[in-house]
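Enquirer: Dropping a prediction and its sequence here:
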Amino acid sequence: MTDTGLPMRVPAPGLPPRIRIHEVGARDGLQNEKSVVPTGVKAEFVRRLAEAGLSTIEATSFVHPKWVPQLADAEQLFPMLGDVADVGDVALPVLVPNERGLDRALALGARGIAVFGSATETFAARNLNRTVDESLAMFEPVVARAKDAGVHVRGYLSMCFGDPWEGAVPVAQVVRVARALMGLGCDELSLGDTIGVATPGHVTALLAALNEAGVPTGTIGVHFHDTYGQALSNTLAALQHGVTTVDASAGGLGGCPYAKSATGNLATEDLVWMLDGLGVETGVDLGTLTATSVWMAEQLGRPSPSRTVRALSHKE
């Protein structure tokens, strides 16, 4: 470690010069908390993330409160974030499960939404109470109406590398669902390693298969969990393939409430540390982001699981 708390910068060949971090801590992270985080704390969290330089911050979810009570305050929270735009050009997408969720989001002026699909039948049944094809049919009018309203649409695809009930997920199966999801009109696709079982070769194989099936790398983002400590290596493999959008969660918050073997998301600080060292620009100030995660950990009453947060916060 250098005296500045930043890694020595040694660029590696073949990497994008800049990537966009899709920050999911305020939504994917907080939806997994056992206790409900106060709305004001959530709003402050989003503001601090924006001040750290994150340009895409997934703010909340318009899922029915029965299913995700931790985010039941979406209608109260989203209007509180109007001043975040003053920090810079910050996008605040929200998750919507269906047309009712879209109605709620559009009524509050959301300019970016995401739908959440599954590459496997078991997870689709448990998470959406539908088959994979039924869930795609449910998303079709959501995506169409959002696009008609000029709203950016992201398609999340979970269980892309493994499923706790079905085991390994065939690449061809993921490609089929991914193509169908993008065929609805989504602007981008986020590949989810929901239980963290992917390895770099698997990541490269899936990305190559998607390209061969007509899904361009420029529309793909990656969303890795660190269950087996592979999130950073998998991210690097994706970057070497040309991916320039990476999902991460400040402080390593979150997992998946419907997959009990899923541990936390890739910590944004761990990602930024690696990218800073590689000379890949993110626009994120690591010190400010670390301070934000330390503050959020205090609100939650437990230390951050991020190794970088722990290392930098204990540095003299």
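Expert: Received, thanks.
Enquirer: so where's the longest helix in this protein?
Expert: For the chain, the longest helix by residue count, based on DSSP state H, is helix 132-148.
Enquirer: for that helix, packing partners?
Expert: If contacts are counted by 3 or more CB pairs under 8 Å, 6 or more residues apart in numbering; DSSP states H and E, helix 132-148 sits against helix 99-107, strand 112-118, helix 121-128, strand 152-158, helix 171-183. Every residue, glycine included, has its C-beta placed from N, CA and C.
Enquirer: Buried residues of that helix, list them for me.
Expert: Across helix 132-148, burial judged by 16 or more other CB atoms under 10 Å covers 132, 135-136, 138-139, 142-143, 145-146.
Enquirer: which one among these gets closest to Leu49?
Expert: The closest of these to Leu49 turns out to be Ala146 (CB to CB; 23.8 Å).
Enquirer: got the phi/psi numbers for Ile74?
Expert: Residue 74: Ala, not Ile. For Ala74, the backbone dihedrals (degrees, to the nearest 10) come out as phi -60, psi -40.
Enquirer: for the stretch 1-150 of the chain, which spans come out with low pLDDT?
Expert: Along the stretch 1-150 of the chain, segments meeting pLDDT under 70 span 1-4, 85.
Enquirer: likewise the stretch 151-300 of the chain?
Expert: Within the stretch 151-300 of the chain, the stretches with pLDDT under 70 are 255-263.
Enquirer: That one: strands as residue ranges?
Expert: In the stretch 151-300 of the chain, the strands defined using DSSP state E, counting those that start in this stretch lie at 152-158, 162-163, 167-168, 188-193, 220-224, 245-248.
Enquirer: neighbouring strands for the first one, and are they parallel or not?
Expert: Strand pairing for strand 152-158, determined by DSSP bridges: strand 112-118 (parallel), strand 188-193 (parallel).
Enquirer: Tell me which of those sits nearest to Leu6.
Expert: So among the strands paired with strand 152-158, strand 188-193 is nearest, using CB to CB, at 27.9 Å.
Enquirer: one step back: using TSV, lay out the strands paired with strand 152-158 together with mean neighbour count and distance to Trp295.
Expert: Shown next, in TSV, are the strands paired with strand 152-158 (neighbours: other CB atoms under 10 Å; distance: least, CB to CB, whole Å):
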stretch	mean neighbour count	distance to Trp295
strand 112-118	24	26
strand 188-193	24	27
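Enquirer: In JSON lines: those strands, plus distance to Asn127.
Expert: JSON lines is the format used below for these (distance: least, CB to CB, whole Å):
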{"stretch": "strand 112-118", "distance to Asn127": "6"}
{"stretch": "strand 188-193", "distance to Asn127": "11"}
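Enquirer: just so I know, which of those lies nearest Phe45?
Expert: Nearest to Phe45, of all the strands paired with strand 152-158, is strand 112-118, at 18.3 Å by CB to CB.
Enquirer: Just want the angle from the closest one to helix 171-183.
Expert: With axes from the mean of the first three to the mean of the last three CA atoms, to 10 degrees as the basis, strand 112-118 and helix 171-183 are set at 150 degrees to each other.
Enquirer: what angle do strand 112-118 and helix 121-128 make?
Expert: Strand 112-118 runs at 130 degrees relative to helix 121-128, counting by the same axes, to 10 degrees.
Enquirer: contacts for strand 112-118?
Expert: For strand 112-118, the surrounding residues in contact (CB atoms under 8 Å, 6 or more residues apart in numbering) are 58, 91-97, 102, 105, 124, 127-128, 132, 135-136, 139, 142-143, 146, 151-159, 177, 181, 186, 190.
Enquirer: how about 7 Å then?
Expert: With CB atoms under 7 Å, 6 or more residues apart in numbering as the test, strand 112-118 has contacts from 91-97, 102, 105, 124, 127-128, 132, 135-136, 139, 142-143, 146, 151-159, 177, 181.
Enquirer: ok, now stretch 44-52?
Expert: Here stretch 44-52 makes contact (CB under 7 Å, 6+ apart) with 23, 26, 57, 59, 81, 84, 87-88, 90, 250, 284-285, 288-289, 292, 295-296.
Enquirer: before we move on, what about stretch 299-309?
Expert: Outside stretch 299-309, the residues within contact range by CB under 7 Å, 6+ apart are 33, 37, 41, 251-252, 264, 267, 269-270, 273, 290, 293-294, 297, 310.
Enquirer: mind listing what's buried in it?
Expert: Residues of stretch 299-309 classed as buried: 300, 304-306, 308-309 (neighbour count, 16+ other CB under 10 Å).
Enquirer: Could you export those residues to a markdown table, including columns for secondary structure and distance to Leu232?
Expert: Listed next are these as a markdown table, based on DSSP: H, G, I helix; E, B strand; the rest coil; distance: CB to CB, whole Å:
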| residue | secondary structure | distance to Leu232 |
| --- | --- | --- |
| Leu300 | helix | 23 |
| Ser304 | coil | 16 |
| Pro305 | coil | 14 |
| Ser306 | coil | 12 |
| Thr308 | helix | 10 |
| Val309 | helix | 15 |
